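Trainee: Based on what follows, work out the 3D shape:
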Amino acid sequence: MTDCIFCKLISGEIPTNKVYEDDDVFAFLDMTQVTKGHTLVVPKAHVKDIYEYDSELAGKVFSRIPKIATAIEAAFPESKGLNIINNNREVAYQSVFHSHLHLIPRYSTDDDFKMTMVNNGDNYSQEEMQEIASKINQAIK
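Mentor: This is a model prediction of the structure:
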């Protein structure tokens, strides 16, 4: 795709700080560096988001995550954990529409990265939870 910044990074049209590359996957430092070592992992094939993956592409991309995560940990042994984040579509904070996974090393609870999730579980009865699970289960192809 000619107007995609990640495609331009993959092709070498725009310089980047490459971390990993093989025939199917490209990983590079995120220019925001939320924390030191913040890395983006992208499929070389242009897919907009997770909804465009097939099982073969998912296998190729997701199987590289442990290898890259382990390398980040080895490079920065002072890190104490890692967030893996994948935002899909604008409402979920996707800002570049070439699928990518963020690997964000964590150094402490005060390292300028916060994730907050509200527990809304009490808003659903057990019957509603079963109905939600059933709908998802029936939609799985």
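Trainee: And the strands in this structure?
Mentor: Taking DSSP state E as the criterion, the chain contains strands spanning 18-21, 25-29, 39-43, 81-85, 101-106.
Trainee: Could you dump the ones you listed into JSON lines and include distance to residue 116?
Mentor: In short, each C-beta sits where N, CA and C put it, glycine included. Putting the strands of the chain into JSON lines (distance: least, Cβ to Cβ, whole Å) gives the following:
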{"stretch": "strand 18-21", "distance to residue 116": "28"}
{"stretch": "strand 25-29", "distance to residue 116": "25"}
{"stretch": "strand 39-43", "distance to residue 116": "22"}
{"stretch": "strand 81-85", "distance to residue 116": "13"}
{"stretch": "strand 101-106", "distance to residue 116": "15"}
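Trainee: who wins for proximity to residue 61 among the ones you listed?
Mentor: Taking Cβ to Cβ, strand 39-43 is the member of the strands of the chain nearest to residue 61, at 5.0 Å.
Trainee: so how far is residue 57 from residue 39?
Mentor: Noted for residue 39: a distance of 19 Å to residue 57, by Cβ to Cβ, to the nearest Å.
Trainee: more neighbours, those two?
Mentor: Remark: of residue 39 and residue 57, residue 39 carries more neighbours, 23 against 18, as counted by other Cβ atoms under 10 Å.
Trainee: show me what contacts the nearest residue to that one once chain neighbours are set aside?
Mentor: Leaving out its chain neighbours, the residue that sits closest to residue 39 by Cβ to Cβ, 6 or more residues apart in numbering is residue 103, at 4.5 Å. Going by Cβ atoms under 8 Å, 6 or more residues apart in numbering, residue 103 touches 27, 37-41, 65, 68-69, 72, 82-84.
Trainee: May I ask you to name the longest helix in the protein?
Mentor: helix 126-139 (DSSP state H).
Trainee: hang on, the earlier thing: can you pull the pLDDT of the residue nearest to residue 39?
Mentor: pLDDT, residue 103: 98.
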